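*Asks:* output the structure for:
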Amino acid sequence: RNHIMFGTVSSWFYKYLAGITPLTPGYAEISIKPTSVGHSNLTHVDARVVTPHGDLLSSWNVDKKGGMLTYTHSLSLPLNTHAVLAFPLALSSHHRQSNSADSVIISEGGVPVWENGVFVPGVFGVESGKQVNQIVEFGLTNGRFVFTAVFPMGNLQEMPSSSKRRIRIG
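*Replies:* Below you'll find the model as predicted:
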């Protein structure tokens, strides 16, 4: 039950599906960069990591309704931690080719933090935002956050509900 083979699989879930990687020992600095966002059969990932500072919670969800894709990433960062959240400006190759990053509005708790291609300061705990290719990297302090963006689906097809996948880690 406690074989390295299982540890490697669990590590992959945290690092790639949930995107959680410590940047310093003890999780004082954290990178959160899920790599499977926008995968056609994966719509939701929940993860929990117990750190020396407290529980780190991260979940992301892609919801497809009415010709729109809504991407939501919820985080709870423990005290005395800082994180860099990689938030996508496009969820598929269709979006990367047709959507201008300037047209994407990213909100935290309903308040814009990225609009017209620039960081919008003013939300407590969201210290910075910069575009790196097709993602925005937000610098965050400890706290609870709910980031959301809505993208037009264009000619993408609605995914049948029977093919949706949800993964809970931790």
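*Asks:* centre-most residue in the chain?
*Replies:* Geometric centre of the chain, nearest residue: His73, 4.6 Å, by C-alpha atoms, centre = their mean.
*Asks:* quick one: contacts for that one?
*Replies:* Listed by C-beta atoms under 8 Å, 6 or more residues apart in numbering, the contact set of His73 reads Ile32, Pro34, Ser58, Ser59, Trp60, Asn61, Leu85, Phe87, Phe145, Val146, Phe147, Thr148. In short, each C-beta sits where N, CA and C put it, glycine included.
*Asks:* TSV please, covering those residues and showing neighbour count and distance to Phe13.
*Replies:* Formatted as TSV, the contacts of His73 follow (neighbours: other C-beta atoms under 10 Å; distance: C-beta to C-beta, whole Å):
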residue	neighbour count	distance to Phe13
Ile32	23	14
Pro34	24	11
Ser58	26	12
Ser59	20	13
Trp60	25	13
Asn61	16	16
Leu85	25	18
Phe87	24	20
Phe145	22	22
Val146	14	22
Phe147	23	21
Thr148	18	24
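*Asks:* let's have those in a markdown table, adding distance to Val45 and pLDDT.
*Replies:* Compiled in a markdown table, those are given as follows (distance: C-beta to C-beta, whole Å; pLDDT from 0 to 100):
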| residue | distance to Val45 | pLDDT |
| --- | --- | --- |
| Ile32 | 11 | 96 |
| Pro34 | 7 | 88 |
| Ser58 | 8 | 94 |
| Ser59 | 6 | 94 |
| Trp60 | 6 | 92 |
| Asn61 | 8 | 92 |
| Leu85 | 14 | 97 |
| Phe87 | 14 | 94 |
| Phe145 | 16 | 98 |
| Val146 | 15 | 98 |
| Phe147 | 14 | 97 |
| Thr148 | 16 | 96 |
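*Asks:* distance to Ser128 and secondary structure for the residues you listed - can I get that in CSV?
*Replies:* Below are these laid out as CSV (distance: C-beta to C-beta, whole Å; DSSP: H, G, I helix; E, B strand; the rest coil):
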residue, distance to Ser128, secondary structure
Ile32, 15, strand
Pro34, 20, coil
Ser58, 19, strand
Ser59, 23, strand
Trp60, 20, strand
Asn61, 24, strand
Leu85, 11, strand
Phe87, 13, strand
Phe145, 14, strand
Val146, 18, strand
Phe147, 14, strand
Thr148, 19, strand
